[in-house]
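*Asks:* After the sequence you'll find the predicted model.
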Amino acid sequence: MATVIHDSKARKRVLWGTVGLATVGSVIGLNMSILKNLQPIRRHTLTMTTNWAIYGFFFFSVREALLHEQKKRNDSMDIRFSLTRDSDEMFSSLISGSLAGGTISFMSRKTKNAALSGALFFGLASAAGQYVYTKINRRRQAVILEKMALREEGREEGEGRPKLTDLLRGKLKIKAEDQSDSMIARLRRKIAIDPISLLPEWFPMRRLSSDEYHRMLLERKQLVFEELEQLRLAIADMKRREESLLQRLNEKTAH
């Protein structure tokens, strides 16, 4: 949570998220007050706005803290955050929604059943909202990339290279196939997963990084050089003994 306070971008996301949910809450509260004829309308609208603002602040604060921890873990394992961003955001939204919904429901109703039902409802609602946001964001990025590719198409045709749009569409098609639920896509995903990465941390087997492998090769190379040096010294000692033995034999034959 301290990281969220010190990070200006995280503070802005928490602030704007809280304001957005408070606005949604005020609109819902106003409409419910008018439709159900709840008086005074201002008080019921303000209550709904406050509840949604509290939920939004709690939700986005916890979500940013979880995302920061996952990003720090990826950095320690030399994994780019963009590779796991979708799954990390889905996990953070699900956990944050469950915690925020369960806490607020328990504070309002003072029962464990209310806390469990609130955690389940808000957790699923947050996960569904994150899923929709991820789909929209992916579509927006695909449209931007296609527009950029169209600008470069004329230049690439003149140079005799394949069109960037064709390459991009091929990549998007492969990505869409990988995300589908077909048997071939599921089989491709299972084959693409590194089985060693699925092992727990305590298991005495892990995949070496390039630096570790390079360091191991240097150590092996040093050992080979040391063994060659020992062989060279042994051969030199054998030659000295051979020369000494030949010299003794020559002296005996001379006498």
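*Replies:* Thanks, I have the structure now. Being a predicted model, the structure only gives us computed values, none of them experimental.
*Asks:* what's downstream of the helix or strand hosting Thr50, the next helix or strand?
*Replies:* Using DSSP states H and E, Thr50 sits within helix 41-76. Following helix 41-76 in sequence order, the next helix or strand is helix 85-109 (DSSP H and E).
*Asks:* could you check the angle helix 85-109 makes with the helix or strand following that following helix?
*Replies:* Counting by DSSP H and E, the element after helix 85-109 in chain order, helix or strand, is helix 112-158. Interaxial angle of helix 112-158 relative to helix 85-109 (axes from the mean of the first three to the mean of the last three Cα atoms, to 10 degrees): 160 degrees.
*Asks:* How far away from the center of its chain is helix 112-158?
*Replies:* Averaging C-alpha positions (Cα atoms, centre = their mean, to the nearest Å) puts helix 112-158 15 Å from its chain's average.
*Asks:* Next, the angle from it to helix 41-76.
*Replies:* Using the same axes, to 10 degrees: helix 112-158 against helix 41-76 is 60 degrees.
*Asks:* Who are the packing partners of helix 112-158?
*Replies:* The contact analysis (3 or more Cβ pairs under 8 Å, 6 or more residues apart in numbering; DSSP states H and E) places helix 112-158 against helix 85-109, helix 164-179. In short, each C-beta sits where N, CA and C put it, glycine included.
*Asks:* weakest of those helices by average pLDDT?
*Replies:* Note on those: lowest mean pLDDT is at helix 164-179, with a mean of 52.
*Asks:* Pass me the low-pLDDT residue ranges in the stretch 151-255 of the chain, would you?
*Replies:* Scanning the stretch 151-255 of the chain for pLDDT under 70 picks out the ranges 151-208, 255.
*Asks:* make it 80
*Replies:* Scanning the stretch 151-255 of the chain with the threshold set as pLDDT under 80 gives 151-210, 212-213, 252-255.
*Asks:* so who does the residue positioned nearest the centre of the chain touch?
*Replies:* In the chain, the centroid-proximal residue (Cα atoms, centre = their mean) is Thr84; its distance is 2.5 Å. For Thr84, the contacting residues are Gln70, Asn74, by Cβ atoms under 8 Å, 6 or more residues apart in numbering.
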